[in-house]
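Peer 1: here's my sequence, what's the structure:
(2 chains)
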Amino acid sequence: MALIELKNITKQYENDGVITPVLSEVSLSIEEGEFVSFMGPSGSGKSTLMHILGFLDRLSGGKYFFRNEDVSSLSKDELAKHRSKDVGFVFQSFNLLAKSSVLENVMLPLVYSEVPKAERIKKATKALEAVDLGHRLNHLSNQLSGGERQRVAIARALVNEPKVIFADEPTGNLDTKSGEAVLKIFQDLNKQGHTLVMVTHESEAAEHADRIVRIRDGKIVSDSKDHVKRTGSFYK
Amino acid sequence: MRLADLLITSSESLRRNKSRSLLTILGVVIGIASVILMLAIGQSAEGYILNQVSDLGSDLIFIEPSSGSGESGPPSMYVEQTLDLDDVLVLQKTGFFAAVSPVLASSVSLSRGEETKFSQFAGVNETYDDIFSYEVASGRFFEESDIDAYARVVVLGKNVAEDLFGDQDPLGQEIKIKKVSFRVIGVFGELGSQFFQNLDEQISIPVTTAQRDILGVDYVSYLVAQAGNGDTVTAKEEAQFALRESHNLDNPNGDVNKDDFLVSTQSDAVAIIGAVGSVLSLLLASIAAISLVVGGIGIMNIMLVSVTERTKEIGLRKAVGATYKEILNQFLVEAVMLTALGGLIGIVFGIATSLGSAWIIGKFVEGWNPNVPWSGVVLGFFVSTVVGIIFGIYPARHAAKLDPIEALRYE
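Peer 2: I've put the predicted structure just below:
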């Protein structure tokens, strides 16, 4: 059973009658436990693809199955429910609440899934320990370095035990060393069984993933998984 | 989202912007405080005037000339003077009144030697002091014979006596009223104020003398009568009946608009004052309500700014699972918290200024009592909450409708 199954999905934006196609006829399947990179230049549609997979955006055509459930045409509130319980996000610009503590930031998703307060603290602490920030619980997020902030964001993405974590250019705002650390965390999480989808335009970052899907002009131009199938050996 | 989390989330957002939150609610604070202050002053004024009326005595009826509008009002030069001393006799003859006094009121200059003074006088008969329970502190009030004889005698108000005579005993002394000499036969005790007029500044003289020697007229300003058994309703009807007959009015149905006089009782006056008071309170409160609307618009404005500023935060909240309703509630609760807090502070201010102003006015106007309009307090809190909902809904919808992707990208 594939975690994510896309069948010929398209996405287009309409503005004043002008239709701009963003994705055309994209088919893709992601298994549980995979670490996938979407790679491509800006404007290729890789972020839009991630937004659709992450229930932030809706598709214009085709079918999207999430754990065999057809999620192609959900209402906004149903999308919000899926975001709350099935996925976690890590953004390029961290998107932490500046005047809130690290712990409060990580607990935020649990507020919307109505987890009781005591359990919230327990889960958030555990998630922060997983990214080596167990000692920074009560710091304000704007007192942290960029690398630490992104690790808080990863803990936030982890805290509701999502089926898949989406990372949109997670190293884009970080120096090389912090970026490496973040990618290392992703690899560790993947080894523990987490499914990860990372959008990036840097091939160095992309290569930390098991599988690289290259996207250009709204189409998948290559998928290293096919290569595996063809050669019978794991691409690395 | 749980209710407790909603309240915590909203209050923390407000706490992070403490000074702005406080400035934002200033409009509501002033609005609520002024509503309460206005209602308090209105109630105190009404209470004060009603007290004055009841001090007059509940068994009194007043008869004044009327052009037929059926309503009581201030003396007007356009109203024909229709009452005279014959009307006093007519009322006395009905047997319903323990006492009837005419009052011919005007102002004149008094003098004693070099000392001159401008004063209100009342031309009255011998029952006047009993009707109003005015105490004569020294000397005596008029006898019937003084009235009949056009006697040139005067009873002085306490302050008039002090101003003209200082420490001397005024009894038996002469003063001049419009160059006519009068002998002082009595001095009133302290009478205080009635309807913003200081009775201690007034003098009384026989009505007959006042008509012939001072004003040269044959009418009187109004009549005051004391109902014999305290039944002012019957007394009023009797007075109307008797006066219609003596004035030769063709008014069998008792239509007050056809009368050339108007009879009013204390309860009539109370009813009118009550009606005027309600209208006045409503007027004051509605002016104050306008400031509440202005305050509400201020809240809406700041909430919109806040939504724009926090676009990224809204995007993030949506990305981690917040629904339309959860975002809507968060901003709505923020607005209601702001206005409700403004309402509470406004109530405290309103009560404080109500008591403070009553204390200050009480220094100048005797019998002005402080008043806290509790209905206004409850209403103020309720209204401020409603203002929050009304003016919070637009910014909150604005926030809840944001597209998560665009909101996350917002810089």
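Peer 1: return the helix or strand in chain B with minimum mean pLDDT.
Peer 2: Using mean pLDDT, DSSP states H and E, strand B:193-194 stands out as the lowest-scoring helix or strand of chain B, at a mean of 75.
Peer 1: after that strand, which helix or strand is next?
Peer 2: From strand B:193-194 onward toward the C-terminus, using DSSP states H and E, the following helix or strand is strand B:197-198.
Peer 1: give me phi/psi at the residue most central in space within chain A?
Peer 2: Centrality entry for chain A: nearest residue to the mean C-alpha point is A:F166, 0.3 Å, by C-alpha atoms, centre = their mean. Dihedral pair for A:F166: phi -110, psi 130, per degrees, to the nearest 10.
Peer 1: quickly note the distance from the residue nearest to it when sequence neighbours are not counted to A:V106.
Peer 2: Leaving aside its chain neighbours, A:F166 sits nearest to A:G54 (4.5 Å; criterion: C-beta to C-beta, 6 or more residues apart in numbering or on different chains). Bear in mind the C-beta positions are built from the backbone N, C-alpha and C, glycine included. Counting by C-beta to C-beta, to the nearest Å, the separation of A:G54 from A:V106 is 19 Å.
Peer 1: which of the two has more neighbours?
Peer 2: When A:G54 and A:V106 are compared for neighbours, A:V106 comes out ahead with 31 against 24, by other C-beta atoms under 10 Å in any protein chain shown.
Peer 1: quick one, strands of the chain?
Peer 2: In the absence of a named chain, this looks at chain A. All strands of chain A, identified by DSSP state E, fall at A:4-15, A:18-30, A:35-39, A:61-66, A:69-70, A:87-90, A:164-168, A:195-200, A:211-216, A:219-223.
Peer 1: switch to chain B, that's the one I care about
Peer 2: B:60-65, B:97-112, B:115-124, B:136-139, B:153-156, B:174-177, B:180-188, B:193-194, B:197-198, B:202-206, B:222-227, B:261-265.
Peer 1: who does the closest residue to B:I175 other than its chain neighbours bridge with?
Peer 2: Nearest non-adjacent residue to B:I175, counting by C-beta to C-beta, 6+ apart: B:R112, 4.7 Å away. Counting by DSSP bridges, B:R112 is bridged to B:E115.
Peer 1: I'd say B:R112 and B:I177 touch.
Peer 2: No - look at B:R112 against B:I177 with C-beta atoms under 8 Å: they stay out of range, at 10.4 Å.
Peer 1: ok so, going back, in contact with the residue nearest to B:I175: list those residues for me.
Peer 2: Going by C-beta atoms under 8 Å, 6 or more residues apart in numbering or on different chains, B:R112 touches B:L164, B:F165, B:Q173, B:E174, B:I175, B:K176.
Peer 1: how much space separates the closest residue to the third one other than its chain neighbours from B:V154?
Peer 2: Spatial nearest neighbour of B:Q173, chain neighbours left out: B:V184 (5.2 Å); criterion: C-beta to C-beta, 6+ apart. Distance from B:V184 to B:V154, counting by C-beta to C-beta: 6 Å.
Peer 1: between these two, what contacts are shared?
Peer 2: Common neighbours of B:V184 and B:V154, counting by C-beta under 8 Å, 6+ apart, are B:I175.
Peer 1: excluding its backbone neighbours, what's nearest the closest residue to chain A within chain B?
Peer 2: As assessed by C-beta to the nearest C-beta, chain A sits closest to B:G321 within chain B, at 2.6 Å. Using C-beta to C-beta, 6+ apart and skipping the chain neighbours, the partner closest in space to B:G321 is A:S84 (2.6 Å).
Peer 1: the one you found is in contact with A:P162, isn't it?
Peer 2: No - using C-beta under 8 Å as the test, A:S84 is too far from A:P162 to be in contact (9.4 Å).
Peer 1: what about the longest helix in the chain?
Peer 2: As the question left the chain open, I've gone with chain A. Looking across chain A with DSSP state H, the single longest helix is helix A:176-191.
Peer 1: can you look at chain B instead?
Peer 2: Per DSSP H, chain B has its longest helix at helix B:266-309.
Peer 1: count of residues packed around B:E80?
Peer 2: Neighbours of B:E80 (other C-beta under 10 Å): 13.
Peer 1: what confidence value was assigned to it?
Peer 2: According to the prediction, B:E80 has pLDDT 80.
Peer 1: rewinding a little: ranking the strands of chain B by mean pLDDT, which is last?
Peer 2: strand B:193-194 - the lowest mean pLDDT of the strands of chain B, at a mean of 75.
Peer 1: contact partners of that strand?
Peer 2: B:Q52, B:D55, B:L56, B:L199, B:V365, B:E366, B:G367.
Peer 1: leaving out sequence neighbours, find the closest residue to the fourth one.
Peer 2: Just to be clear, that refers to B:L199. Distances taken as C-beta to C-beta, 6+ apart put B:L191 closest to B:L199, at 3.8 Å, once the chain neighbours are dropped.
Peer 1: residue contacts, that neighbour?
Peer 2: Counting by C-beta under 8 Å, 6+ apart, B:L191 touches B:Y134, B:E135, B:G157, B:K158, B:L199, B:D200.
Peer 1: ok, the nearest residue to A:N160 once chain neighbours are set aside - contacts?
Peer 2: Excluding the flanking residues, the one nearest A:N160 by C-beta to C-beta, 6+ apart is A:P109, at 4.8 Å. With contact taken as C-beta under 8 Å, 6+ apart, A:P109 is in contact with A:S84, A:G88, A:R156, A:V159, A:N160, B:V320, B:G321.
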